[in-house]
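**Q** the sequence and its predicted three-dimensional model are supplied below.
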Amino acid sequence: MNATTESHGVSAAGLLHAARGFVLCFWGAAIGLLMLSGALRLRAMEDLPVPPHLPGCVLVAAGVAWLRRPDTGPLRAPAMLWVPAGLALYFAPFVLWWRDAPYSGHLLVNAMAAAASALWLLASICREAGRTGLVLGAAAFAREARWAAAGCGVLAGAVLAGLAAWTAIRAGIEGTGLYAAWFKVLFHLPEGTAVVAVLPFTIAMACAWRARALCLAEIRAGRAAATPAA
């Protein structure tokens, strides 16, 4: 498939590889969310000392590898995208370890780092999807994806600020230290908290799927003209 898209200089093979990258990011986020929440279980992994969402992290990392292929041309993702993907993989085991020892401060900090890395990765997927839309002429989607990436950060900040405020209030009411109050807050979160945690995943999935659709639409529309052989 040696072809070059007329409008933006992306080869048809590059468009296909970018679409594969985004679909891997989509399914990685979906599987990670389902397995982390317990809605999906793999019997083969139940006896292994690995975090439940590790397959999702691996799929997203594979998606980043496809998005970083040189033949994607102007759609090629920046190398910086490897940073949140690598951190998400590195900190993933701490989620499992913290579940086994929830009162360990060291494991709690690293589990929170895992959550922050995952959120950074999801926001980065949104930003990359928006950049792809911009290259392919979908300016409206590009703006939506940028707002989605910013929304992930705002949502995380709001949740963290709310948890910190409630921890301080609870510590003042019960007369306990902030450290003890923080654990109590984490273990007695309202039921609606799960919905807030799901939002960044679904937002990133929607952006990745839309970017995939844009790449494939360029190929189907015939905007990739054959390049004469050298």
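**A** Looks like it came in fine. Treat the numbers as computed from the prediction; the structure is a model and nothing was measured.
**Q** now do the SS call for residue 103.
**A** coil (DSSP: H, G, I helix; E, B strand; the rest coil).
**Q** run a quick neighbour tally on it.
**A** Neighbour count of residue 103, defined by other Cβ atoms under 10 Å: 10. From N, CA and C alone the C-beta is placed, and that goes for glycine too.
**Q** do the same with residue 168
**A** The burial count for residue 168: 14, using other Cβ under 10 Å.
**Q** so it sits in a strand?
**A** No: counting by three-state DSSP, one finds residue 168 to be helix, located in no strand.
**Q** could you check the pLDDT of it?
**A** Residue 168 carries a pLDDT value of 70.
**Q** correct me, but residue 201 touches residue 29?
**A** Yes: at 5.1 Å, residue 201 counts as touching residue 29 under the criterion of Cβ atoms under 8 Å.
**Q** show me what counts as buried in the helix or strand hosting residue 123.
**A** Secondary structure from DSSP states H and E places residue 123 in helix 105-135. By 16 or more other Cβ atoms under 10 Å, the buried positions in helix 105-135 come out as 107-108, 110-112, 114-135.
**Q** just to revisit the earlier point, among residue 201 and residue 29, which residue is more densely surrounded?
**A** Neighbour tally, residue 201 and residue 29, criterion other Cβ under 10 Å: the higher count belongs to residue 29, 30 against 21.
**Q** need the residues touching each of residue 201 and residue 29.
**A** Counting by Cβ atoms under 8 Å, 6 or more residues apart in numbering, the contacts common to residue 201 and residue 29 are residue 122.
**Q** among the helices and strands of this protein, which has the poorest mean pLDDT?
**A** strand 224-226 (a mean of 44; mean pLDDT, DSSP states H and E).
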